[in-house]
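J.: return a 3D structure for these sequence lines:
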Amino acid sequence: MIGQLIDSLSDPEYTGDRRCWPCTLVNAVLVGLAALLVGRRWRRLGGVVVLGIGGVLIALRGYVVPYTPRFAPQLVDRLPVDLGFDHAPAEPSDSLVAAENPDRLVGVLIEAGVLTGDEMLHLEDGFAETWTREMDTLRGGSDREIAAAAAEAVPFDADSTVSGERLLVAGQRDAWLSRPVAIAETAGIEALVAAGVDRETAASAVGPLRMFLPVCPDCGGTVAESTIQNCCGGTKGIYDRPDREVLACVDCESVLYEFQPLDETAD
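T.: Next comes the predicted model:
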């Protein structure tokens, strides 16, 4: 029963390897202040209870105060001292919007004329040019500018920030993006909308669309199918399957798309 309670309270998105240390620090300070206030105003035991409950929740969930990931990294970044936090989750990049049915979305892209081909699908030439042009425009921006553009591109209200090497777009869910993926998907949404696809569908489709990237979104280099081990020099403590096939940049070695193994796509 205790195990079930712990599982129900746990949030793996902000704990373990994905723990946001700025979020943890800010919440630890706030919980400590709350415990001190309760202990002084009422009884010491009350302060101990607040401290204990807050500590457990931070340990299990990563934070206690709602919307902490939206403000804590920026707050810590503005401190006059460098605390040495690297917030970037030690995992592959998220996508702006989770694609619940990639096969259906590919069908939508075919109907819209974005993808073409009989035995082998590929980008329609005009769309490829538009997508590349949109990526070229974003490529010169700072991480904060790209994150802000991504938040503007999605079909829902979203906030953005940057921490470490990751860009956060927080809206319906928190999406931690690598810079190349953020550029690719933001540019992809705008290119799809220009091609006549509604913005909501476009936001869901840019994840699967990355498997057709014509160039690296970040450096403009050549993309090729590879594996994590070959393109990134090993697992780097991030990937549990270094043999997983990916689309990667030959020049900067950025992972641009992960192909799902057959045993996972069948689930």
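
J.: low-confidence stretches in the stretch 51-200 of the chain?
T.: Along the stretch 51-200 of the chain, segments meeting pLDDT under 70 span 69-91.

J.: hey, where'd the helices end up in it?
T.: Counting by DSSP state H, counting those that start in this stretch, the stretch 51-200 of the chain has these helices, from start to end: 68-77, 102-111, 125-139, 143-153, 179-194, 199-209.

J.: and the longest one, what does it pack against?
T.: What that stands for is helix 179-194. With contacts taken as 3 or more C-beta pairs under 8 Å, 6 or more residues apart in numbering; DSSP states H and E, helix 179-194 sits against helix 125-139, helix 143-153, strand 166-170, helix 199-209, strand 255-258. In this view, the C-beta of every residue, glycine as well, is placed from N, C-alpha and C.

J.: who are the packing partners of the second one?
T.: Just to be clear, that refers to helix 143-153. Using 3+ C-beta pairs under 8 Å, 6+ apart, helix 143-153 is in contact with strand 159-163, strand 166-170, helix 179-194.

J.: contacts only, for the nearest residue in space to Leu36 that is not next to it in sequence.
T.: Closest residue in space to Leu36, ignoring its immediate chain neighbours: Gly47 at 6.3 Å, by C-beta to C-beta, 6 or more residues apart in numbering. By C-beta atoms under 8 Å, 6 or more residues apart in numbering, Gly47 lies in contact with Ala35, Leu36, Leu37, Val38, Gly39, Arg40.

J.: Gly47 belongs to a helix?
T.: Yes. The assignment for Gly47 is a helix, going by DSSP: H, G, I helix; E, B strand; the rest coil.

J.: returning to that earlier point: to Leu138, which of the helices and strands packed on helix 143-153 lies closest?
T.: For Leu138, the closest of the helices and strands packed on helix 143-153 is helix 179-194, at 4.8 Å, according to C-beta to C-beta.

J.: the residue nearest the centre of the chain pairs with what?
T.: Centroid-nearest residue in the chain: Trp176, 2.2 Å away (criterion: C-alpha atoms, centre = their mean). Counting by DSSP bridges, Trp176 is bridged to Leu168.
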